Every structure is written in C-alpha cells, then in structure tokens.
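> One predicted model, sequence on top.
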Amino acid sequence: VAACGDNALVRDAMFPLTGTMTIIYLLLRQERNTPPTTMNDVAATFMGVYYFGYMPSFWIRLRTLHPIQPAAVLSIFASPRLRSRWPLAPIEAAGADVFTQGALIQWWTMIAIVAADVAAYFSGKRWGRTQLINVSPNKTWEGLLGGCLAAIICSALGACLMHWPMPLVSGALYGLTCSVMALVGDLTVSLLKRSAGVKDTGRLLPGHGGLLDRLDSYLLVAAPAYFFVTLFIL
C-alpha cells in the first residue's frame, strides 16, 4: 500500500514499522494452546513480510516511473474521432498516469522472466548434466545458462525498442540480473518447502506445485529491476 503513494518517507518507514509491530505482537500474544514465541517464529514471520510484501512492492514503484500523457499514447493507436468518444475521451482528459515508461519496462521484464523460465526448463531437460544446488536437485547449470541467454536476448531486444542508452549492453546486463534473481526467488521457495517438509506450496494449480511456485520467479526481481532502471536508464 505504501508503495502506491507519492510520499517517500512513508514508503521508507513502512517496512521497519511493520517489523516493529510484528515483534510487539509476537512478544505479547497469549492465545490458548499456543507455544511460547521462539526465534524461529520471529524469523519466519519477518521472512514472510520481506519476501511476500516488501520485495514485490517494488513492482509498483517501477510501474509508476515517468508517466506518459495518455494523449501521446492514444494518438498512436486511435484517430482523433475515436479519441473524442467514450471510453478513450475520459482517459485522455483525466491525464492520470495510466501509461508510464515504468509500466512498459515492467511488462517487458515479466516477458523476459517467462522466457528465462521456459528456456531454463527445456535447456535443463535437453542438456542438463551438472546439478546446480542441493536445495533443488532438478536445477542444473546448463538450464541456468539457457535461461540467462533467453533473458539476455529478450531484454536486449526490449532495450533497443525502448531506446535505452547502449541498448545491447544495458539490455544484456538487465536480462542477466533479472534471470539470476528469478532463479534466487525460485530457490528460496524450494528452501521454504524443504524447511516445512512439503512438496508443493498449495493445491490451487495441480501439477505445478501450487500458486506460489508459479509466482516465485517474480518476487525478488522487482527491487533489482527498479534500482537498475532508476540508476542507469531513466
């Protein structure tokens, strides 16, 4: 919620304040039949706030970067006659940040993550021989290289289309960063599942390991993507 606002102080204060309130609650809770609070309870709760709240909030920050006037975007796709009618007329008149450069980067980043996931799966299936890490035995170095290559190509193409400075270099570095962080997010969920002694994170998507297994690649990418874009691109 704080990431949606324009107040930088509120955004910066939300995470530490949430952590403080969480500790106070864990220290004072007195539910019946509940064991005393342990350090594992505190660590697991903070991990949830950080992994599922704070880090994904950077997607919102990225999406709000550099608003584009609706008229400038709508004029590319619609004639003046269409733009004067509903529903385009209210959108153009509002002048809200419906369209932003950050949103374009966000969607292209998600496409690059999907490309990396797909390429990593098929590369690992076809050429995978060397295990990457014990936390996730099916991950291989060959799959990682295939995923990184796909993300680099996709991001470099996006950088050229969006006219980034030195697009091939900046796009390649951006794609490499996103693909590695997507893998870290995936491995983090694998670690959580191993710690909890479960195979899947839920039953909502049978055969896919649960909903969280479909989203884990996106959770840790947002913050590095946001800082990369704000420092080097926009």
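Yes, it's here. Numbers count the residues shown, from 1 in each chain.
> Give the other helices and strands that the strand ranked longest in the chain contacts.
If you go by DSSP state E, the chain has its longest strand at strand 136-140. Counting contacts by 3 or more C-beta pairs under 8 Å, 6 or more residues apart in numbering; DSSP states H and E, strand 136-140 is packed against helix 101-127, strand 131-133, helix 167-196. For the C-beta atoms, the positions are set from N, CA and C on the backbone; glycine is no exception.
> how about a markdown table for those, with mean pLDDT added?
Output for those, formatted as a markdown table (pLDDT from 0 to 100):
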| stretch | mean pLDDT |
| --- | --- |
| helix 101-127 | 93 |
| strand 131-133 | 90 |
| helix 167-196 | 91 |
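> Name the residues of the longest strand of the chain that come out as buried.
Judged by neighbour count (16 or more other C-beta atoms under 10 Å), strand 136-140 contains these buried residues: 136, 139, 140.
> Stretch 48-65 too?
Applying 16+ other C-beta under 10 Å to stretch 48-65 flags 51, 53-65 as buried.
> got the contact list for that stretch?
2-4, 11, 15, 18-19, 22, 97, 100-103, 105-106, 109, 188, 218-220, 222-223, 225-226, 229-230, 234 (C-beta atoms under 8 Å, 6 or more residues apart in numbering).
> Output that stretch as PDB, nothing but the C-alphas.
The C-alpha trace of stretch 48-65 is given here as PDB (Å, rounded to 0.1, in the frame of the first residue of the first chain):
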ATOM      1  CA  GLY A  48       7.000 -13.500   5.100                       C
ATOM      2  CA  VAL A  49       6.800  -9.700   5.400                       C
ATOM      3  CA  TYR A  50      10.100  -9.300   3.400                       C
ATOM      4  CA  TYR A  51       9.600 -11.900   0.800                       C
ATOM      5  CA  PHE A  52       5.800 -11.600   0.100                       C
ATOM      6  CA  GLY A  53       5.300  -7.900   0.900                       C
ATOM      7  CA  TYR A  54       8.300  -5.600   0.800                       C
ATOM      8  CA  MET A  55      10.200  -7.000  -2.200                       C
ATOM      9  CA  PRO A  56       7.200  -7.400  -4.600                       C
ATOM     10  CA  SER A  57       6.200  -3.800  -3.700                       C
ATOM     11  CA  PHE A  58       9.000  -2.600  -6.000                       C
ATOM     12  CA  TRP A  59       6.900  -3.700  -8.900                       C
ATOM     13  CA  ILE A  60       4.500  -0.900  -8.000                       C
ATOM     14  CA  ARG A  61       7.400   1.600  -7.700                       C
ATOM     15  CA  LEU A  62       8.700   0.500 -11.100                       C
ATOM     16  CA  ARG A  63       5.300   0.800 -12.700                       C
ATOM     17  CA  THR A  64       4.900   4.500 -11.600                       C
ATOM     18  CA  LEU A  65       8.200   5.700 -13.000                       C
END
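> Give me the mean pLDDT for it.
Stretch 48-65 shows a mean pLDDT of 89.
> chain center to that stretch, what's the gap?
With C-alpha atoms, centre = their mean, to the nearest Å as the basis, stretch 48-65 stands 7 Å off its chain's centre.
> So which residue is dead centre in the protein?
Centroid-nearest residue in the chain: residue 218, 3.3 Å away (criterion: C-alpha atoms, centre = their mean).
> now could you export just the CA positions of the strand or helix carrying that one as PDB?
Taking DSSP states H and E as the criterion, residue 218 maps to helix 211-219. Provided in PDB are the C-alpha atoms of helix 211-219 (Å, rounded to 0.1, in the frame of the first residue of the first chain):
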ATOM      1  CA  LEU A 211       0.300 -21.000  -7.000                       C
ATOM      2  CA  LEU A 212       3.500 -19.800  -5.200                       C
ATOM      3  CA  ASP A 213       5.600 -22.000  -7.500                       C
ATOM      4  CA  ARG A 214       4.200 -20.000 -10.500                       C
ATOM      5  CA  LEU A 215       5.000 -16.700  -8.900                       C
ATOM      6  CA  ASP A 216       8.300 -17.300  -7.100                       C
ATOM      7  CA  SER A 217      10.400 -16.100 -10.000                       C
ATOM      8  CA  TYR A 218       8.800 -12.600  -9.800                       C
ATOM      9  CA  LEU A 219       9.100 -11.900  -6.100                       C
END
